[in-house]
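In: Provided below for reference: sequence and predicted model.
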Amino acid sequence: MAAIRQAGTSGPMFRRWISGLALGGAVLAVLLYGCREELGPGVDRNRPPDTYLTGFPAESTTSVYRVHLFWYGSDLDGRVVGYEYAVTDSQPNDEDTIQYRFTTRTDSVFLMQVGQTQQVLAHRFYIRALDNQGKVDPEPAWVFFGSVDLVTPVPVFTVSEGFREGVDSTLAIDSRNISVPEDTVDAGWDVRFHWKGVDGDQVILESGVVDTVGRVLSFEHWLSPLQAAPIRGDANDTVEVYTNLQSGKYVFNLRAIDDAGFGGLDPTVRTFVWNKDPQTYFENGFDSTAAGGGRWRPHLFARSDAWTDTLEFFDGDTLPLTSAGGAIQQLEVWSPISGRDPDDYLGLGVHRFQFRGGVGFWEAADTTRDEQGRPMAVLDRLGTTDLVVQARCTDGYGRSDGTPAELHFVVNRSPVLLDTLEMVGGVPVYQRPRRGEALRLADLAAANWLLSVRVKAFDPDGTTNTFGYYFRASGFQYGPVVRPPLGRIAEYSLTIPPEWRQPGEYAIGVRVEEWTDPPRRRADLEIPFRIVN
């Protein structure tokens, strides 16, 4: 018979009624003429009932998971005493294995169950009539539902906080960032979570009223990485408390599961770090040269064979790279380090101080200490460099400072340009163009737009008197290197670009390198000037 049977004069019921009349006439004729044939033993003369679905959503359409279905059955040689129904996922592999249940109803609301994380799952509903002699319809009526329309049930936190017995205040845990939690719970504190569930599945009743039909029946929760698998509880299991945590990052996962078995793919989370980072810092010194009468700043100390004393510097300073006996003297630099634990629950303080220069490996700072017993970051054999020194310490739980302290400094001062280059016959020869100098447009045009540039660099550290020079008139590209003899002026014929051949404010770019092998310190400088009529 068809997948869905319907009543009507053109349907199976009408056709079976006509067939019944014909059969009755034939039997009457046999009786009248006395030609009845004896039936053999064991022949079942009971005809099976028929089953019809009369109310259901359109086949293969999306339906809410609560489906109201209607049916009826008929039996031409007896009466229907009940029905057997079954719900399967899509099409079963073997229909003989379908498990049916008995009912005397002719309609019911069915919950089309889905997987916990499967919002779309096809179902097939079967219904077959049972007559008074125990025979069932061999071809059950059925309908196919292509998918189920579900709203993910939502768990709602009513309490999400860190707490400690005997302490009135609590710490709200609102972070949802799994990679970098924004909330940190103090060491020695516990955490607790309370929640409830809301399911927004709705249907439109025959009256037109929108009714919320979903119900949360259970919850799953787990605290990663402490618990690897979800813990399942019923609708009343809405509280969890965690004590004796260890230092680290945690994710509390919570999922509500509704009466369709659906919980959604992603759980609702709250994230936190347990145990605050220890705090590391470089010791301060008083910088009397700072603006406003001086201020306290992280300081460092440096020593060189070219110096007679140890010199003090501060964060952001440039340390001179000097020479002695014709050789550049590398520096030894050090700075004392301190630290504290803001939530020292164990009373162990901080230990295991480490430092590194740049992005190198962490080195132990505890092996070298100053007169006050403080660990020190020590770097030696430093030449030209721009360096960031980092330092960190560890608390009693073994947690390292995640935001290490930083100390910035530069070794080797950059070269500068001289305005007065040299004296010739007691008259100074100036850099050309001089800063702010006004050049006449007619003079430049007469020189075929060539400007004879003269510059000379000076190393404030005194480690070299040999430089390489590069020039540019506009854009970002420098010309080829110009290398004058030791201590001499660099001269270069610079072509004035077409866009500069009018009155205005301009600047020549000069790049200067301390020319050693390899080049050490570079400076990009500008010489502003004007072109006038």
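Out: Thanks, I have the structure now. Residues are numbered from 1 along each chain as shown.

In: so where's the stretch 51-200 of the chain uncertain?
Out: Scanning the stretch 51-200 of the chain for pLDDT under 70 picks out the ranges 57-66, 90-93, 112-122, 146-151, 200.

In: That one: helices as residue ranges?
Out: Using DSSP state H, counting those that start in this stretch, no helices are found in the stretch 51-200 of the chain.

In: Give me the sheet partners of the helix or strand encompassing Val251 and which way each runs.
Out: Counting by DSSP states H and E, the element that carries Val251 is strand 248-258. Strand 248-258 pairs in its sheet with strand 216-224 (antiparallel), strand 268-274 (antiparallel), by DSSP bridges.

In: Give the buried residues for the longest one.
Out: Which is strand 216-224. By 16 or more other Cβ atoms under 10 Å, the buried positions in strand 216-224 come out as 216-223. For the C-beta atoms, the positions are set from N, CA and C on the backbone; glycine is no exception.

In: Check stretch 180-198 too.
Out: Across stretch 180-198, burial judged by 16+ other Cβ under 10 Å covers 181, 183-187, 189-193, 195, 197.

In: And those residues, which is closest to Arg270?
Out: Phe193 (7.0 Å; Cβ to Cβ).

In: so that closest one touches Asp237, yeah?
Out: No: assessed by Cβ atoms under 8 Å, Phe193 is found out of contact with Asp237, at 11.6 Å.

In: quick one on the thing from earlier: hmm, which two among the buried residues of stretch 180-198 are most spread apart?
Out: Using Cβ to Cβ, the buried residues of stretch 180-198 span at most 32.5 Å, a distance reached by Ala187 and Gly197.

In: Lowest mean pLDDT among the helices and strands of the protein, which one is it?
Out: Taking mean pLDDT, DSSP states H and E as the measure, the chain has helix 12-32 as its least confident helix or strand, at a mean of 39.

In: where exactly do the strands run in the stretch 1-150 of the chain?
Out: Secondary structure of the stretch 1-150 of the chain, counting by DSSP state E, counting those that start in this stretch: strands at 50-55, 62-64, 66-74, 80-89, 101-103, 107-111, 123-131, 141-145, 147-149.

In: closest to Pro460 out of the ones you listed?
Out: Checking the strands of the stretch 1-150 of the chain against Pro460 by Cβ to Cβ gives strand 147-149 as the closest, at 76.6 Å.

In: Make sure Thr403 is indeed in a helix.
Out: No: counting by DSSP: H, G, I helix; E, B strand; the rest coil, Thr403 is not part of a helix but coil.

In: 642 is where my numbering starts, stick with that
Out: OK, 642 is where the count begins now, so the last one is Thr1044.

In: List of residues touching stretch 1055-1072?
Out: Outside stretch 1055-1072, the residues that touch it by Cβ atoms under 8 Å, 6 or more residues apart in numbering are 959, 1075-1076, 1095-1101, 1108, 1130, 1151, 1153-1155, 1162-1164, 1166, 1168.

In: If you count neighbours, what's buried in that stretch?
Out: Residues 1055-1056, 1058, 1062, 1072 are the ones in stretch 1055-1072 that count as buried (16+ other Cβ under 10 Å).

In: Looking at these, spot the one nearest Tyr724.
Out: In terms of Cβ to Cβ, no member of the buried residues of stretch 1055-1072 lies closer to Tyr724 than Ser1055, at 94.1 Å.

In: So that closest one, which state does it fall into?
Out: Following three-state DSSP, Ser1055 is assigned to coil.

In: measure it to Ala828 for me?
Out: Here Ser1055 is placed at a distance of 47 Å from Ala828 (Cβ to Cβ, to the nearest Å).

In: And Gly1037, by the same measure?
Out: Applying Cβ to Cβ, the value for Gly1037 to Ala828 is 8 Å.

In: cool, and Asp982?
Out: Look at Asp982 and Ala828: by Cβ to Cβ, they are 8 Å apart.

In: shouldn't Tyr724 be in contact with Thr744?
Out: Yes: here Tyr724 reaches Thr744: they are 5.5 Å apart, a contact under Cβ under 8 Å.

In: Surely Val1122 and Ala1131 touch.
Out: No: the pair Val1122 / Ala1131 is not scored as a contact, 9.8 Å apart, by Cβ under 8 Å.

In: list the residues that contact both of those two?
Out: Common contacts of Val1122 and Ala1131, defined by Cβ under 8 Å, 6+ apart, comprise Tyr1110.

In: Regarding stretch 924-935, how distant is the last residue from the first?
Out: This stretch, stretch 924-935, spans 16 Å end to end (Cα to Cα, to the nearest Å).

In: Could you do stretch 897-916 as well?
Out: End-to-end span of stretch 897-916 (Cα to Cα): 30 Å.

In: Can you point out the buried residues in that stretch?
Out: Neighbour-count burial for stretch 897-916 [16+ other Cβ under 10 Å]: 897-905, 908-916.
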